[in-house]
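> Just a sequence and a predicted model for now, questions to come.
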Amino acid sequence: MSFLQDPGFFAMGVWSIGAGALGAVAVALLLANTDMFLSKSEEATLEYLEDVDLKTLGKEPRTFKAKELWEKNGAVIMAVRRPGCFLCREEAADLSSLKPQLDELGVPLYAVVKEQVGTEVKDFQPYFKGEVFLDSQKKFYGPQRRKLLFMGFMRLGVWYNFFRAWSGGFSGNLKGEGVILGGVFVVGSGKQGILLEHREKEFGDKVNPLSVLEAAKKVKPRSLTSENK
């Protein structure tokens, strides 16, 4: 048992434990930065979205079917992960930068939120140039809701997104639910269908504004879609 009294034996043991721990961390980081453990998305259908109940956020709330948003002129719709999130505010500002072009195309810009917490929606509005509605059943975040928890903070892409938004001067808070991931839809008029569906795969995974604009250009006036039936 003399080896137990050998300082070198203990040093080697400590080194082995440390190396094993570092190896485990390295493997965890590697796995966290693949898409292997990300929640899988399921594409929404037009029929699914049409039947979603939305509510206005004015003084006299009104509940209506989501299809009203795009029935006549199509629509660009942002499913906001969390209005107070500075990454969501960055994406909202990007989409709002398209407002002049969308107006020329006659395609409206909207957003839906999962919940109404304090003044969060009101504080979100300076970043978003469209009307915001409440989707309390979180249908626009489905059909299969995707969540990202603490693993998200181990992803290099998330930290890059943090830095990008901070550098852009965006700030926010931690109020409200923020683990159910959001997305962006471009929906054509009438029964034209879903022209673009972007599903956020990690915090700050924002849609490409040029892709949104290209999809919006494909929206046909309601008269044309009616003629093609």
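Right, received. Where do you want to start? Residues are numbered from 1 along each chain as shown.
> Next up, the contacts around the residue nearest to the spatial centre of the chain.
Closest to where the C-alpha atoms of the chain average out (C-alpha atoms, centre = their mean) is residue 182, at 2.9 Å. Residue 182 sits next to 78-81, 88, 141, 200 when contact means C-beta atoms under 8 Å, 6 or more residues apart in numbering. (Glycine included, C-beta is placed from N, CA and C.)
> Look up how far residue 200 lies from it.
Computed with C-beta to C-beta, to the nearest Å, the distance linking residue 182 and residue 200 is 5 Å.
> who touches both of those two?
By C-beta under 8 Å, 6+ apart, residue 182 and residue 200 have these common neighbours: residue 81.
> so what's the closest residue in space to residue 113 that isn't next to it in sequence up against?
Distance criterion C-beta to C-beta, 6 or more residues apart in numbering; nearest residue to residue 113, sequence neighbours excluded, is residue 80 at 5.0 Å. By C-beta under 8 Å, 6+ apart, the residues touching residue 80 are 88, 92, 111-114, 124, 132, 182.
> repeat that with 7 Å
88, 111-113, 182 (C-beta atoms under 7 Å, 6 or more residues apart in numbering).
> Take those residues and keep only those in helices.
Among the contacts of residue 80, the ones falling in helices (DSSP state H) are residue 88.
> Make a markdown table out of the contacts of residue 80 and add pLDDT and distance to residue 175.
As requested, the contacts of residue 80 are exported to a markdown table (pLDDT from 0 to 100; distance: C-beta to C-beta, whole Å):
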| residue | pLDDT | distance to residue 175 |
| --- | --- | --- |
| 88 | 98 | 12 |
| 111 | 98 | 17 |
| 112 | 98 | 18 |
| 113 | 98 | 12 |
| 182 | 95 | 16 |
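> Tell me the pLDDT of residue 40.
At residue 40, the model reports a pLDDT of 65.
> swap in residue 155?
Note on residue 155: pLDDT of 79.
> Residue 158 too?
For residue 158, the pLDDT comes out at 88.
> One more: the one 5 residues further on?
Note for residue 163: predicted pLDDT of 95.
> Can you tell me the SS state at it?
Using DSSP: H, G, I helix; E, B strand; the rest coil, the structure places residue 163 in helix.
> For residue 201, what are phi and psi?
phi -100, psi -20 (degrees, to the nearest 10).
> Over to residue 55?
According to degrees, to the nearest 10, residue 55 has phi -130, psi 140.
> since we're on it, how many residues are nearby?
Number of residues near residue 55 (other C-beta atoms under 10 Å) recorded here: 15.
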